[in-house]
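K.L.:
Following is a predicted model, sequence given first.
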Amino acid sequence: MQQEPQAKVRATIYLPSAVLDEARDAAVHLAGYPARLTLTQLAENAFRAELRRLKALYNNGQDFPHRDGELRGGRPIAA
């Protein structure tokens with residue numbers, strides 16, 4: 001069974017310029033055959049890998065509970 005492609009949404013995030021430059025370099029270098037990588041694919045792959053790691057480490061491998069509202073900007077919440 002084939003999964004339906006999910007709609008993509010725009011997100012604004014702030015990254016260190018060196019990290020973004022390196023990611024852009026990789027995307028350009030790997031844009032052709034065989035990888036055909038885009039910056040969006042690189043970011044999605046990185047998010048998915050880190051989410052798997054965080055779920056395993058902090059939530060017994062389970063999905064995190066759905067949030068009640070949107071994220072707020074500012075300093076991280078101290079536990």
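P.N.:
That came in fine, so what should we check first? Numbering: from 1, shown residues only.
K.L.:
Look up how far residue 41 lies from residue 56.
P.N.:
23 Å (Cβ to Cβ, to the nearest Å). Every residue, glycine included, has its C-beta placed from N, CA and C.
K.L.:
Check the protein for its longest helix and report it.
P.N.:
Identified as the longest helix of the chain according to DSSP state H is helix 39-58.
K.L.:
low-confidence ranges in the protein?
P.N.:
1-3, 77-79 (pLDDT under 70).
K.L.:
try 80
P.N.:
Low-confidence segments of the chain, defined by pLDDT under 80: 1-5, 72-79.
K.L.:
And the residue nearest the centre of it?
P.N.:
The chain has residue 47 as the residue nearest its centroid, 2.5 Å off, counting by Cα atoms, centre = their mean.
K.L.:
any idea how far it is from residue 53?
P.N.:
11 Å.
K.L.:
what do you get for residue 67?
P.N.:
20 Å.
K.L.:
the more surrounded of these two?
P.N.:
More crowded of residue 67 and residue 53, by other Cβ atoms under 10 Å: residue 53, with 10 against 7.
K.L.:
how far away is the more buried one from residue 34?
P.N.:
From residue 53 over to residue 34 the distance is 26 Å, taken as Cβ to Cβ.
K.L.:
Would you mind listing the buried residues in stretch 9-20?
P.N.:
The neighbour-count check on stretch 9-20 (16 or more other Cβ atoms under 10 Å) flags nothing as buried.
K.L.:
Quick one: distance of that stretch to the chain centre.
P.N.:
Distance of stretch 9-20 from the chain centroid (Cα atoms, centre = their mean, to the nearest Å) equals 10 Å.
K.L.:
First-to-last residue distance for that stretch?
P.N.:
End-to-end span of stretch 9-20 (Cα to Cα, to the nearest Å): 19 Å.
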